[in-house]
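> Here you go, sequence then predicted model.
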Amino acid sequence: MSDFKISGVVPPVVVPDTPDHKLDVPSFERLIEKLITAGVDGLFFLGSSGEVVFSTDERRDEVVREAVRIVNHRVPVLIGIIDTETERVIEQGKRAIALGADALVATAPFYALGGPVEVEEHFRILHEELDAPIFAYDIPVCVHTKLGWKMLAKLGAEGVLAGVKDSSGDDISFRYLCQENEKLGHPLSILTGHEIVVDGAYLSGADGSVPGLANVEPEGYVRMWKAAQAGDWAQVKAEQDRLNEISHIFDVTSGLMGYAGGVGAFKTALWLMGVFDSNQMPRPVKAMEGANVEAIRKVLTDNGLL
C-alpha cells in the first residue's frame, strides 16, 4: 500500500448540517461538485473540518457513503479514521474501506497518551490490519502528541505509511521531514494543512496541501499548485497573498472560539455564497449570526466572492 501517491490540492471537506442536525446531502453535493470543477486533486473527508469528532459511527458511514457516491472515482477519496485509541481506529478504518475509501488518515492515540514507542506501534498495527494506504495526521494541538519527523520518515521508508498530513505548525520539523523524505527516495506524500503558508511548504518540498480555505476558494489553491509545479514562485506568492486576504474570515468575528470561529467561518461563507443551505453547526456549537455573519460577508464581498 506504500505505493499510493497523491499530490496537489486535497481540501478537507466541510460537512453541511440541516437545522435538525442531519447531513444536508444537496448542499454536500454542491460543495463536492464545486471542488472537483475547480480542479482539486483529491478530497479528504472526516477530518477536523469534516466534523469527525462530532460524528457517531452512523453519521460517519453516511458521510463516507455519500462522498464516495458523489465523487464517483473522479479523484481519490481520503477518509479520516480519527478515534481515541488503536482498536477504535481499526474499527473505523474497516468501515471506511468497506464503503470505498481510497486511503485512510489517522492521528496518534489521544486519550491514553503514550510515548513515541506506543505511537510508532499504533501506526504499525494500522498498517498490518487495514488493507489501505495510511496517512499520519500530525495535529498536536488536538491530540497532544507531536509526531517526530524521524519516526515518520522511517515508517515511510518501511512502507508502513503512505503519507503525512501536517497540521503541526512546526515548520522546522516539516522542513526536516521533507528533506529526509528526499534522501530516502520520496516514499511519503507530504501534505501541509497550513493554508496561510502553503507557498512556504511548497518551497520546502511539500507534495501538496490540505487547505480548509479551499472549501471557500479552491481555484486559487489550484492555481498556486500549478504555478509551483512550473517554478513560478512569484505567482505562487501572489496567489497565497490573495488567499490570505480571504482568510480574514477567521479573524473579523468576535466572541467565538475554536471550532465555532474556524469551521464556523467556512460554513457561514459557504452559506452566504449559496453553496450551503444553512450555516448550522454540530451540537453544542452555535451557528454564527448577526454582526459576525455581516463581517464575513464584507470579507467575501471585498475579495470578489460575492
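Structure's in. What do you need?

> drop to CA atoms for contacts and neighbour counts, all remaining ones
Fine.

> I'd say L126 and I90 touch.
Yes: contact criterion Cα atoms under 8 Å: L126 and I90 qualify, at 6.4 Å.

> name the element L78 belongs to?
If you go by DSSP states H and E, L78 is part of strand 77-80.

> partners of that strand, with directions?
Strand 77-80 has its sheet partners listed here by DSSP bridges as strand 43-45 (parallel), strand 103-106 (parallel).

> which of these sits most buried?
strand 103-106 (a mean of 26; mean count of other Cα atoms under 10 Å).

> which outside residues touch that strand?
Strand 103-106 has contacts (Cα atoms under 8 Å, 6 or more residues apart in numbering) with 76-82, 89, 93, 96, 132-137, 165.

> If any of these are buried, give me the ChimeraX selection for them.
Command for ChimeraX that selects the buried part of those, burial taken from 16 or more other Cα atoms under 10 Å:
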select :76,77,78,79,80,81,82,89,93,96,132,133,134,135,136,137,165
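
> now the strands for the stretch 151-300 of the chain?
163-166, 189-192, 208-209 (DSSP state E, counting those that start in this stretch).

> so can I have JSON lines of the ones you listed showing mean pLDDT and distance to D232?
Listed next are the strands of the stretch 151-300 of the chain as JSON lines, based on pLDDT from 0 to 100; distance: least, Cα to Cα, whole Å:
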{"stretch": "strand 163-166", "mean pLDDT": "98", "distance to D232": "24"}
{"stretch": "strand 189-192", "mean pLDDT": "98", "distance to D232": "19"}
{"stretch": "strand 208-209", "mean pLDDT": "98", "distance to D232": "16"}
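
> Can you add distance to N72 and give those strands back as CSV?
Below are the strands of the stretch 151-300 of the chain laid out as CSV (distance: least, Cα to Cα, whole Å):
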stretch, distance to N72
strand 163-166, 23
strand 189-192, 23
strand 208-209, 22
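
> For S247, find the nearest of those strands.
strand 208-209 (15.5 Å; Cα to Cα).

> now the closest one, how far from the centre of its chain.
Centre-to-centre, strand 208-209 and its host chain are 10 Å apart (Cα atoms, centre = their mean, to the nearest Å).

> now swap in stretch 231-244 and tell me
With Cα atoms, centre = their mean as the basis, stretch 231-244 stands 21 Å off its chain's centre.

> again, but for stretch 219-237
Relative to its parent chain, stretch 219-237 has a centroid offset of 20 Å by Cα atoms, centre = their mean.

> re the thing from before, could you point out which of the strands of the stretch 151-300 of the chain sits nearest I32?
The closest of the strands of the stretch 151-300 of the chain to I32 is strand 208-209. By Cα to Cα, the value is 17.0 Å.

> In its sheet, which strands sit next to that closest one, and in what direction?
Strand 208-209 is paired, per DSSP bridges, with strand 8-9 (parallel), strand 189-192 (parallel).

> Contacts for the shortest one, please.
Going back to what we said before, that points to strand 8-9. Contacts of strand 8-9 (Cα under 8 Å, 6+ apart): V40, D41, G42, D207, G208, S209, V210, P211, Y221, V222, W225.

> Of all the strands of the stretch 151-300 of the chain, which one is nearest E62?
Closest approach to E62 among these (Cα to Cα): strand 163-166, 23.6 Å.

> what helices or strands is that closest one leaning on?
With contacts defined as 3 or more Cα pairs under 8 Å, 6 or more residues apart in numbering; DSSP states H and E, strand 163-166 has these neighbours: strand 134-138, strand 189-192.

> switch the cut-off to 10 Å
strand 103-106, strand 134-138, helix 149-157, helix 171-183, strand 189-192, strand 208-209 (3 or more Cα pairs under 10 Å, 6 or more residues apart in numbering; DSSP states H and E).

> Let's see that strand as CSV, backbone CA atoms only.
Coordinates of each C-alpha in strand 163-166 appear next as CSV, following Å, rounded to 0.1, in the frame of the first residue of the first chain:
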residue,chain,number,x,y,z
GLY,A,163,2.0,9.9,3.6
VAL,A,164,1.7,12.7,6.2
LYS,A,165,-0.9,15.4,6.6
ASP,A,166,1.0,18.0,8.7
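
> Can you pull out the low-pLDDT segments for this structure?
Scanning the chain with the threshold set as pLDDT under 70 gives 1-2.

> you'd agree F4 is up against P187?
Yes: using Cα atoms under 10 Å, F4 is in contact with P187, at 9.3 Å.

> shared neighbours, the two?
The contact sets of F4 and P187 overlap at L161, A162, G163 (Cα atoms under 10 Å, 6 or more residues apart in numbering).

> And I81, how far from T107?
8 Å (Cα to Cα, to the nearest Å).

> overlap in contacts of those two?
Joint contacts of I81 and T107 (Cα under 10 Å, 6+ apart) are V89.

> Report the contact partners of I246.
Applying Cα under 10 Å, 6+ apart, the residues contacting I246 are L213, V216, E217, Q240, I296, V299, L300, T301, D302, N303, G304, L305.
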